[in-house]
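>>> Have a look; sequence and predicted model below, questions after that.
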Amino acid sequence: MEAKRTYSVKGVLTAVGKSLLYLLFFLAVQLLAGIVYAALAVAGGADAGSMLGGAETAVLLSYLLTAAAILLWFRLRHKPLGEAAGLRRCSGWTAAFCAFAAIGLFVVVQLALMLLPAAWLTDYNDHMELLLSTGLIPALSIAVAGPLAEELMFRGVIQTRLERAMPVWAAVVLQAVLFGVTHGTPVQMAYAFLLGLAFGFLRSRTGSILPGIAAHAAFNAMNDPLGIFGDAAGSWYALAVMAAVCAVGCVFCRR
């Protein structure tokens, strides 16, 4: 019979402290990339800003730098990425199922947003307009680099560290709180917290962050950064199509 694990206050506080340091590192890289981009744009004038590709390029680079820094850090310390950041292999069917399920989760979130008072959504809509430009670079940032960096940091490094010092459910909730507070507006914080719970559950259930990366990427891609849906994006028609894709994909991937 497996012995019941015990947890100490010192261990919990140490894990929380280290998690906060990892979070500060994550935010510092985002800030540094923005500062470097702004400095280059100002030094080079309008032509330099065009060559750099806009602020979306800074966001993309910040995510890539974050992911690269995390991977390099553990490589230099000779720590297996599976143990340190949950970067373990998993079934392709599992990852695909999670991706299709995330499309359904996106539909639920959009329907919930429609029920909120318009006054609550003013700041949210303004913030989302700045984030969701269309084009290849925004798509790579939102649907590829962002999910990779955030899952590595929150469900990989932070959740793994917390699970060593506290019950799994507490680690999932705490990393979701940290994930939520890094998102701009109160509405974004609320649903980012719920997404953090969902992705954290996937991490604890599968032992890998890969299903969470797949789900996170699929969820973000539904914001249409490539402009595939055009004027229909966010409409009832688009949401119905997404729901149908979710249902068919989940049934197909249940194997």
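Ah, there it is.
>>> residues contacting residue 250?
Residue 250 makes contacts with 97, 100-101, 104, as judged by C-beta atoms under 8 Å, 6 or more residues apart in numbering. Every residue, glycine included, has its C-beta placed from N, CA and C.
>>> I meant residue 26, not that one.
66, 149, 153, 182.
>>> mind running it again at 7 Å?
When contacts are counted by C-beta atoms under 7 Å, 6 or more residues apart in numbering, residue 26 touches 66, 153.
>>> Show me the shaky parts of the stretch 151-255 of the chain.
Applying pLDDT under 70 to the stretch 151-255 of the chain flags the ranges 255.
>>> Show the average pLDDT along the lengthiest helix in the chain.
Across the chain, the longest stretch assigned as helix under DSSP state H is helix 9-52. Per-residue pLDDT over helix 9-52 has a mean of 80.
>>> before we move on, the earlier item: in helices, which of the contacts of residue 250 fall?
Among the contacts of residue 250, DSSP H puts 97, 100-101, 104 in helices.
>>> Please tabulate the residues you listed in CSV and include neighbour count and distance to residue 141 as additional columns.
Listed next are the ones in helices among the contacts of residue 250 as CSV, based on neighbours: other C-beta atoms under 10 Å; distance: C-beta to C-beta, whole Å:
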residue, neighbour count, distance to residue 141
97, 21, 25
100, 23, 23
101, 21, 23
104, 20, 24
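>>> could I get the residues you listed as TSV with pLDDT?
As requested, the ones in helices among the contacts of residue 250 are arranged in TSV below (pLDDT from 0 to 100):
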residue	pLDDT
97	97
100	97
101	97
104	96
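>>> Of these, which is the nearest to residue 27?
Among these, residue 101 lies closest to residue 27 (C-beta to C-beta), at 29.1 Å.
>>> Setting aside sequence neighbours, what's the nearest residue to that closest one?
In space, not counting the residues next to it along the chain, residue 101 is nearest to residue 250; the distance is 5.7 Å by C-beta to C-beta, 6 or more residues apart in numbering.
>>> can you tell me the helix or strand for the one you found?
Element membership for residue 250 (DSSP states H and E) is helix 236-253.
>>> What ranges does this protein have for its helices?
According to DSSP H, the helices that the chain contains are 9-52, 55-76, 81-85, 92-114, 118-131, 136-140, 146-150, 159-163, 168-181, 186-206, 210-221, 236-253.
>>> So which of those is nearest residue 227?
Within the helices of the chain, the stretch nearest residue 227 is helix 136-140; the backing value is 8.9 Å (C-beta to C-beta).
>>> quick one: buried residues of that closest one?
Residues of helix 136-140 classed as buried by neighbour count (16 or more other C-beta atoms under 10 Å): 137-140.
>>> Give me the residues contacting that helix.
For helix 136-140, the surrounding residues in contact (C-beta under 7 Å, 6+ apart) are 53, 56-57, 60, 225-226.
>>> So what's the gap between it and the chain middle?
Centroid separation for helix 136-140 versus its chain: 15 Å, with C-alpha atoms, centre = their mean, to the nearest Å.
>>> before we move on, what about stretch 25-34?
Here stretch 25-34 is found 15 Å from its chain centre; the criterion is C-alpha atoms, centre = their mean.
>>> With stretch 107-117 instead?
Put simply, stretch 107-117 sits 20 Å off its chain's centre (C-alpha atoms, centre = their mean).
>>> same thing with stretch 24-39?
Centroid displacement of stretch 24-39 relative to its chain, using C-alpha atoms, centre = their mean, is 18 Å.
>>> for stretch 161-180, same thing?
Distance of stretch 161-180 from the chain centroid (C-alpha atoms, centre = their mean) equals 15 Å.
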